[in-house]
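Student: here are the coordinates; sequence isn't available:
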């Protein structure tokens, strides 16, 4: 008998949809942003497929997803399906997932339903609920509800807005920040690296945040917000794993970026950060304190006939004081730090044929208790250090203004290979059970469909 | 450390709420006062906006025709007898009646 608990995310989304229905001005039949705006996917996305945004795509998001072509019927629903195949260089020590084998796994990685579109002249939403065949659960995925409007301040154009979201950096418009950076699709059936800064997914879907932002004079982006934890009951109802614990009070989030756009090129530099005090067991008393500070930069060159080049880079430093974990015997040291860097470069031809190369590296303080030996995902050295290279080639046959069944048909076929230089602190026998970093090198093939 | 940072957190929260109120209560300026769209606008640069449709680079936009102008585009918010008017593609900016960009959709 299917669990009614798994239906909660659908029920929440349905309630949200029904609540929104009264303010959606058109009651027609076409889902998705492309249908709403009248623009092909390639107007907003590099390679005619999400999530890498073009400058126009960034403007659309900053505008609160509210741009709509007049007299164009649309509705805010969309769907997405990701089928994948994962092969690691050596079989894993245990099954790759609860319903998978130790290697060579096919899966329906994601099946998502979106509520994504304009609700009023100044309010728009991007809400996703996802079923994973790996966990066999339906969860509430990313949420970004926005209010935005255009202003003129002393003869300078400005957009001001507010975002309510459930994942720090999901509201951002650059593909340098953790929620939207390369790889845009990756296998979930491989050994996990031991650590990442909190802002790199550590709070995703477990929190709710409110932030105010402005994009001033087409150059300056500033955002300030805060996050609070959702209750265990609500997380359980939405099938979201409570991995971070409870934020003490409000965790401030900030973002500042400067961008420059001119004919054929767009580039940006910025900084972002989060300061969270967490009760890892949701109790009272001592907290683990994380202060993440990141810098990022991006470049797009697109006025080169059919050629487009994109570069994205980010670096995050995390300072940790783990009073709660230390007191509970879950960390050997009170203080620590993590550094995470990622850079990638993409080339797309004719908006349909792409190749991307990315490098990533994580380094952190030694802690023999927090990073202990364990088959597959442990650390023999007590260090969380990992680094590697990702190569991806993809083909997006549709997505242009004259594509077959535009904008209904959207498909990306991708082949990705990840090579690890180091995994969880070592090249050889990193987990204390004889596994080498190269055993985790991964071939990942995916079919990504959006309608 | 927690006690010391709490006032900072409260102030940040107040700033967020204040920013939200400003955003919610500020009104748009008149269309005639809107700044003219330029390449500095990310969307305009991305979609190749120009104030003169006759100067469009046909190598980059081979499907462009000389009949395509902002004045007969679906997104143009008509301002009769004025050279510039708002465009839905570029909120907060005004475009030229003889302009063009790759977002052009013919008005039916």
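Tutor: Looks like it arrived, so ask away. The structure presented is a predicted model; accordingly, all values stated were derived computationally and were not measured.

Student: the strands in chain B, which residues?
Tutor: B:84-86, B:94-96 (DSSP state E).

Student: buried deepest among these, which one?
Tutor: strand B:94-96 (a mean of 24; mean count of other Cβ atoms under 10 Å in any protein chain shown). In short, each C-beta sits where N, CA and C put it, glycine included.

Student: if we can go back for a sec, could you dump the strands of chain B to TSV with mean pLDDT and distance to residue A:297?
Tutor: Compiled in TSV, the strands of chain B are given as follows (pLDDT from 0 to 100; distance: least, Cβ to Cβ, whole Å):
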stretch	mean pLDDT	distance to residue A:297
strand B:84-86	93	33
strand B:94-96	94	30
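
Student: tell me the pLDDT at the residue lying closest to residue A:204 once chain neighbours are set aside?
Tutor: The shortest distance from residue A:204 to any residue other than its chain neighbours is 4.2 Å, reached at residue A:167 (Cβ to Cβ, 6 or more residues apart in numbering or on different chains). Looking at residue A:167, its pLDDT reads 97.

Student: likewise residue A:125?
Tutor: What the model reports as pLDDT for residue A:125 is 94.

Student: now do the contacts for it.
Tutor: Shown in contact with residue A:125 (Cβ atoms under 8 Å, 6 or more residues apart in numbering or on different chains): A:16, A:20, A:65, A:76, A:115-117, A:119, A:143-146.

Student: same thing with residue A:297?
Tutor: Taking Cβ under 8 Å, 6+ apart as the contact definition, residue A:297 lies against A:176, A:267-270, A:311-314.

Student: let's see that with 10 Å instead.
Tutor: A:174, A:176, A:257, A:267-270, A:311-315, A:343 (Cβ atoms under 10 Å, 6 or more residues apart in numbering or on different chains).

Student: from those, pick the one nearest residue A:447.
Tutor: Set against residue A:447, the nearest of the contacts of residue A:297 by Cβ to Cβ is residue A:312 (24.2 Å).

Student: partner strands of the helix or strand hosting the closest one, parallel or antiparallel?
Tutor: For residue A:312, the host element (DSSP states H and E) is strand A:307-322. Pairing partners of strand A:307-322, with direction, according to DSSP bridges: strand A:288-304 (antiparallel), strand A:335-349 (antiparallel).

Student: for the ones you listed, give me TSV that also has mean pLDDT.
Tutor: Below are the strands paired with strand A:307-322 laid out as TSV (pLDDT from 0 to 100):
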stretch	mean pLDDT
strand A:288-304	95
strand A:335-349	97
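
Student: now for those, which one comes closest to residue B:35?
Tutor: strand A:288-304 (23.0 Å).

Student: mind listing what's buried along the closest one?
Tutor: Buried positions in strand A:288-304, judged by neighbour count with 16 or more other Cβ atoms under 10 Å in any protein chain shown: A:288-298, A:300, A:302-303.

Student: how close does the most centrally placed residue in chain B sit to residue A:335?
Tutor: For chain B, the residue nearest the mean C-alpha position is residue B:90 (1.8 Å; Cα atoms, centre = their mean). As judged by Cβ to Cβ, to the nearest Å, residue B:90 and residue A:335 stand 49 Å apart.

Student: could you double-check that residue A:106 sits in contact with residue A:96?
Tutor: No: Residue A:106 is beyond contact range of residue A:96, at 11.2 Å (criterion: Cβ atoms under 10 Å).

Student: which residues are common contacts for the two?
Tutor: Each of A:86, A:189 lies in contact with both residue A:106 and residue A:96 under the rule Cβ under 10 Å, 6+ apart.

Student: low pLDDT regions in chain A?
Tutor: For chain A, applying pLDDT under 70 flags the ranges A:1-31, A:401.

Student: give me the number of residues near residue 61?
Tutor: If you meant another chain, say so; for now it's chain A. 23 (other Cβ atoms under 10 Å in any protein chain shown).

Student: oops, wrong one, chain B.
Tutor: 17.

Student: for residue A:285, same thing?
Tutor: For residue A:285, the neighbour count with other Cβ under 10 Å is 10.

Student: tell me where chain B has helices.
Tutor: Per DSSP state H, chain B carries helices over the ranges B:2-25, B:42-46.

Student: identify each buried residue in the shortest one, please.
Tutor: When burial is assessed from 16+ other Cβ under 10 Å, helix B:42-46 yields the following buried residues: B:42-46.

Student: which residues touch whatever residue of the stretch 51-200 of chain A ends up closest to chain B?
Tutor: Nearest to chain B, among the residues of the stretch 51-200 of chain A, is residue A:150, at 2.9 Å (Cβ to the nearest Cβ). Residue A:150 sits next to A:62-64, A:122, A:157-161, A:215, B:28-29, B:34, B:86, B:90-93 when contact means Cβ under 10 Å, 6+ apart.

Student: redo that, cut-off 6 Å
Tutor: A:159, B:91-92 (Cβ atoms under 6 Å, 6 or more residues apart in numbering or on different chains).

Student: save the contacts of residue A:125 as JSON lines, and put in distance to chain B too.
Tutor: As requested, these are exported to JSON lines (distance: Cβ to the nearest Cβ, whole Å):
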{"residue": "A:16", "distance to chain B": "20"}
{"residue": "A:20", "distance to chain B": "18"}
{"residue": "A:65", "distance to chain B": "12"}
{"residue": "A:76", "distance to chain B": "18"}
{"residue": "A:115", "distance to chain B": "22"}
{"residue": "A:116", "distance to chain B": "18"}
{"residue": "A:117", "distance to chain B": "15"}
{"residue": "A:119", "distance to chain B": "15"}
{"residue": "A:143", "distance to chain B": "17"}
{"residue": "A:144", "distance to chain B": "15"}
{"residue": "A:145", "distance to chain B": "12"}
{"residue": "A:146", "distance to chain B": "10"}
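
Student: quick one, phi/psi of the residue nearest in space to the middle of chain A?
Tutor: The residue lying closest to the centre of chain A (Cα atoms, centre = their mean) is residue A:179, at 2.6 Å. Dihedral pair for residue A:179: phi -70, psi -20, per degrees, to the nearest 10.

Student: pretty sure it is touching residue A:168, no?
Tutor: No: between residue A:179 and residue A:168 there is no contact under Cβ atoms under 6 Å: 7.5 Å.

Student: can you count the residues close to the nearest residue to residue A:38 once chain neighbours are set aside?
Tutor: Leaving aside its sequence neighbours, residue A:38 sits nearest to residue A:69 (Cβ to Cβ, 6+ apart; 3.2 Å). By the measure other Cβ under 10 Å, the count of residues near residue A:69 is 19.

Student: and residue A:69, helix, strand or coil?
Tutor: For residue A:69, the assignment made with DSSP: H, G, I helix; E, B strand; the rest coil gives coil.
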